[in-house]
Every structure is written in structure tokens, then in C-alpha cells.
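[1] I'll drop the sequence and a predicted model, then ask my questions.
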Amino acid sequence: MRPRVLVPADPRLPRGAPVDTEAVVVGGGVAGISAAVVLAERGVAVTLLEAAPTLGGRLGAWPHTLPDGTEQVVEHGFHAFFRHYYTWRSVLRRIDPQLGFLRPVGGYPVISREWPPEDLTGLPGAPPLNLLALFARSPSLGLGDLLRSDQALAAQLLAYDRARTAAAFDAVPAGEFLAALGMSDRAQAMLFEAFARSFFADPGALSAAELIAMFHYYFLGNREGIGFDAPDTDHLTCIWAPLRAYLEKHDAQVRTGTAARSITPVDGHRWRVEPSEGPPLETRHLVLAADPGALRDLVAASPAAAAVAPRLAAQAAALSIAPPFAVARLWLDRDVAPQRATFNAVSREPTLDSVTVYSRLERPSAEWAARTGGSVVELHSYACDAPDVDTATARMRAELAALWPETAAAGVVHLQQRMEATAPTFPPGSAGTRPGVTSDARGVRLAGDFVATPLLTGLMERAAVTGVLAANDVLAEVGAGPEEIRGVPQRGLLAGLLPARASHR
């Protein structure tokens, strides 16, 4: 269960790039920053373009002034920094070697109107001990569930193998797979469905192969378990401002508020990038680390690039975008009940998927709450079907009141809400359709949490890993050694011992 070195460094090769090496990185989220950090450290002259006013992508943060004049920083929504995010944490260690700004969040309860909370933390790290411990202590899983389940199908959760799992289960909706397990409705709701929805999709719209892969990655395949940390202050202060300063210290040009409008191949295997501000840029090494929708639009606006790279053009056009996610942060005039956990996954509510008590998570919110006697609560809907953000917020507030009755009468001192569709999704039948880090566009690399990679990763870590892989490809072309990448065991405990079932009941 120890972390594996998936991409080793090569001490035989020089670490630094040749002095005339330059690169353009489009996108300043986790993927683009990870690529830019590695390249800039190696002496590459990096220009990073980010369309938003601030860095971070879906982890981004920006200043916000409350009605009482208090300066706060708000984000796109709560993100868990899992302890097996080895690559992303390595990037963050550039600005804080001890990761002192990360703090354990504590429990990870799944809450519901129907059943008592189910906490997924504190289990042994190694399979099958973690599964046995879950059965032993879980109120949702009992011996009857185990006896009633399709045990051969359930064993596939322990038998993850990239090629075999995709061949057998990619076409199967995750909801259908979960129903076929034969677990009780309570077990499905509290343990599996809430986990599935955290990937920005309803279980019926998510590939069962992706669910099995993520179950291995987050639960069965790493010694860190499902516990996670979170920053003790806002993301702008502890992550994005320091990373920008780090890049600029290494002579990178960071241009926020500047989008890439199109890319065009030019002579000498180079690329011209048309930014929204300033003159065109030319580079031999281009990393596209925009979100999937922005990448699709960029390639569609670049007919000359599509002509020389038809495979990239087709893959970009076919990218699947998840339904919108909605985030509402509420500054309330009173505190929530003291027994409420800091972070809570929510099961079986029509809209609400998670609740985070920010005034128990980060210093600026805690200081506001201490001064006013209120609290700061964030509500998140991962695959939201509301027609607009106001409706989404109203629905989430009503569902929160049913779960936490003390919030029903709470006054909202201030509200900050957001709804957007920028996350990827992995629907049934999508394996093999997504672009990889390299493509048929020579000199163009892709990075992001939607990019296919031979290394098993998820969410923020997938973004970071693809960013480093993109940087490594640039370094390989110029004769420099790769950045090491570590990760979890890439196959399940029973992989190779069980046949991957091509059917299910």
C-alpha cells in the first residue's frame, strides 16, 4: 500500500532545460500551475495565460467585501486535499515545505433525513481490512447486506485493473452497477451514491468503470484512507498568491485576465497564440490547461490547428461537460448546532450535496463569526438541475433546514452564490474518447482533470499529474530529465485473480 514511483527521475539527464527554451501555458488552474512550476524551475521561459482575474480555476478564490465592510475571500466551493494527492502536495510544498496551512478536517459524515450519519473516516488503510472494518462498524452495512449482495460483482471493487475494468464496465451506468450489487437501499444511499455524486454526476450518468476506478483510488488503493485536510485560511492567501510569486521569482510571466482566443501552427513546428490582450505569442511548446469547455471552444476557434490535428479537434469537440455545480455561501446571524461536523456529504436530497461550516474551517470566516455571533455555511450542489442560481440556492436552503432545523429561522446577513458548468464528466461509454497529454498536434500538450492518463488519479490530483506529465514531455523534447511522479498502487488487491465480469444482473 506504499506510494509507488510511477515516473522516476533520470539522474543521467540534465535537470535544467537549454537556455533558449520557452513555453506558453494556457490556463492557471491546478493543471496549468503544476506544468508552469516544473517548467519554470528547470529554466524554461514560461508565459502563463489565465482568462479569469485570479488564478486557480475551480480552486480559485477572489476578494469579496461584505455589507459591513469586512474584507473576505470567497472560492468556487469547498475542496478536500486528500493525503494521497502526492503530486499536488509536492507542488504546494514549493511554497510551504511543511504544508503548514493544511489542517485535518476531522470526520467525513454522510448525513440524511432518513438515517443517522455515516462516518467514512478512521478505517484501516489497507484492503481488505478497510472493507471488513466498514462492515463491522457501519450501521448501513451488516452481515445481511453481505449475504444478500452479489458478492462476485462486489469483488470487482477489489479487482480494479485499468484495461479489464474499462472493457467490462465502461458501458454500464454506475447507478445500474450499484443496484446490481444487491445492497440495502440504506447502504446504497449512505455509502455509494453520495460518493458517486461527488464526481459531478448522477450515478446514472457516470460510467461504472470510472466509479470502480475512483473507489479504488480514494478508498481501497491507498494507505492514507478517505481522510483529508483543508487550508486553514482562504485559497488566495495560502495558495494562489504564493504560487504566483514563486513563478515570478523563476522569471515566469503570469498574465491573469488574459484568455487565449485561438492557436495557429506556424513554420518551424511552432504555434501562434492569440491572446485577448496584447500581441500574439509564438512558442514551440504549448500546454493547454483550460477547463474542458474552454478547450473545446479554443480548438473550435482554431481551424488551422484542427486541419493539422484532426484527432485533437474531434476529441475536443466530443468532450463531455458535467451539469452545472452551484455554490452558495451564507453569512448567517447565528451559529449552527455545536455537534455539526465541519464538512458533511449529503445523501438523497434533490439538490443539496454537501454542507461546509466555513466558520469552523478557515480563519477569516471564524473571525467574522466570533465578532458577530453568526456562522458562515457553504452549500454545494454537484450536478444541479435548477434553472438558475437563485432557485438552486433556495432549494439548498430548504433542504438544509430539513436536515439542520436550527438553520430554518436563521437570518442571512449576506449571500454569495455561483453556478457554472466547467467540470468534466465521465459518462458510460466514454473510455478511450478523451484526449491524452500528447496529441497529433506536434508541440501541443494537454492538462486537466478531464485528460486521459495511463496513471490512476482523480480530481485535483489528476489535474496536477497531467500538468507535470505535460511539463515532462516538454523536458524530454529538449533533453532534460523528468520530474518524479508518485502515486497509489495502480491495480486492485484481487486484480488478475478474478475475471472482469462483462455482465451484471
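    Noted; the coordinates are in hand. Owing to the predicted nature of the structure, the values given are computational and were not obtained by experimental measurement.
[2] rest of the way, CA atoms for contacts and neighbours
    Noted.
[3] tally of neighbours for the spatially closest residue to residue 442 that is not a sequence neighbour?
    Closest residue to residue 442 apart from its sequence neighbours, by C-alpha to C-alpha, 6 or more residues apart in numbering: residue 269 at 7.0 Å. If you count neighbours by other C-alpha atoms under 10 Å, residue 269 ends up with 12.
[4] and the pLDDT for residue 269?
    For residue 269, the pLDDT comes out at 90.
[5] report the contact partners of it.
    284, 442, 443 (C-alpha atoms under 8 Å, 6 or more residues apart in numbering).
[6] got it, and residue 351?
    381, 384, 385, 386, 392, 395, 396, 399.
[7] kindly recompute the last result at 10 Å.
    Residues counted as contacts of residue 351 (C-alpha atoms under 10 Å, 6 or more residues apart in numbering) are 325-326, 379-386, 392-399.
[8] drop anything exposed from these.
    325-326, 379-384, 386, 392-393, 395-399 (16 or more other C-alpha atoms under 10 Å).
[9] mind listing which of those residues are in strands?
    325, 326, 379, 380, 381 (DSSP state E).
[10] backbone dihedrals for residue 330, both of them.
    phi -110, psi 130 (degrees, to the nearest 10).
[11] that one pairs with what?
    residue 377, residue 415 (DSSP bridges).
[12] next one, pLDDT for it please.
    97.
[13] from the buried ones among the contacts of residue 351, which is closest to residue 111?
    Comparing these against residue 111 with C-alpha to C-alpha places residue 399 closest, at 11.7 Å.
[14] surely that closest one and residue 111 touch.
    No: using C-alpha atoms under 10 Å as the test, residue 399 is too far from residue 111 to be in contact (11.7 Å).
[15] next structured bit after the helix or strand of the chain with the lowest mean pLDDT?
    The helix or strand of the chain with the poorest confidence is helix 143-148; it has a mean of 69 (mean pLDDT, DSSP states H and E). The first helix or strand that comes after helix 143-148 along the chain, using DSSP states H and E, is helix 151-154.
[16] ok, the closest residue to residue 11 other than its chain neighbours - contacts?
    Sequence neighbours aside, residue 481 is the residue nearest to residue 11 in space, at 7.1 Å (criterion: C-alpha to C-alpha, 6+ apart). Contact partners of residue 481, counting by C-alpha under 10 Å, 6+ apart, are 8-17, 42, 472-475.
[17] you'd agree residue 181 is up against residue 152?
    Yes: using C-alpha under 10 Å, residue 181 is in contact with residue 152, at 9.0 Å.
[18] so those two - more neighbours on which side?
    residue 181 (21 against 14).
[19] tell me how far that one lies from residue 175.
    Distance, residue 181 to residue 175, by C-alpha to C-alpha, to the nearest Å: 10 Å.
[20] overlap of the contact sets of these two?
    residue 188.
[21] please identify which of the buried ones among the contacts of residue 351 is nearest to residue 215.
    Nearest to residue 215 among the buried ones among the contacts of residue 351 is residue 382, at 17.9 Å by C-alpha to C-alpha.
[22] let me see the domain layout of the chain.
    4-57+235-321+432-487, 109-220, 322-420 (automatic domain parsing).
[23] worst average pLDDT in those domains?
    Mean pLDDT is lowest for domain 109-220 out of the domains of the chain, coming in at a mean of 85.
[24] so what's residue 373 up against?
    With C-alpha under 10 Å, 6+ apart, residue 373 has these contacts: 332, 333, 334, 335, 366, 367.
[25] helix, strand, or coil at residue 100?
    Classification of residue 100 by DSSP: H, G, I helix; E, B strand; the rest coil places it in coil.
[26] quick one: the helices in the stretch 151-300 of the chain?
    151-154, 162-169, 174-180, 185-187, 194-197, 208-215, 235, 241-249, 292-300 (DSSP state H, counting those that start in this stretch).
[27] can you pull out the strands in the stretch 401-505 of the chain?
    For the stretch 401-505 of the chain, applying DSSP state E, counting those that start in this stretch gives strands covering 412-420, 444-446, 485-487.
[28] just the stretch 251-400 of the chain next, same as before
    253-256, 260-266, 270-275, 281-283, 286-288, 325-332, 343-346, 354-357, 375-381.
[29] which of those strands sits closest to residue 121?
    Ranking the strands of the stretch 251-400 of the chain by proximity to residue 121 (C-alpha to C-alpha) places strand 343-346 first, at 12.0 Å.
[30] which helices and strands does that closest one pack with?
    Applying 3 or more C-alpha pairs under 10 Å, 6 or more residues apart in numbering; DSSP states H and E, one finds that strand 343-346 contacts strand 109-111, strand 118-119, helix 194-197, strand 354-357, strand 375-381, helix 389-403.
[31] may I have the strands that pair with the fourth one, each with its orientation?
    On the basis of DSSP bridges, the sheet neighbours of strand 354-357 come out as strand 343-346 (antiparallel), strand 375-381 (antiparallel).
[32] what of the first one?
    If you go by DSSP bridges, strand 109-111 pairs up with strand 118-119 (antiparallel), strand 343-346 (parallel).
[33] so what's residue 27 up against?
    Contact partners of residue 27, counting by C-alpha under 10 Å, 6+ apart, are 33, 36, 48-52, 55-57, 255-256, 258-260, 287-291, 294-295, 447-448.
[34] mind running it again at 8 Å?
    With contact set as C-alpha under 8 Å, 6+ apart, residue 27 has these partners: 33, 48, 49, 50, 51, 57, 288, 289, 290, 291.
[35] same check on residue 443?
    Residue 443 is in contact with 269, 270, 271, 284, 285, 286, counting by C-alpha under 8 Å, 6+ apart.
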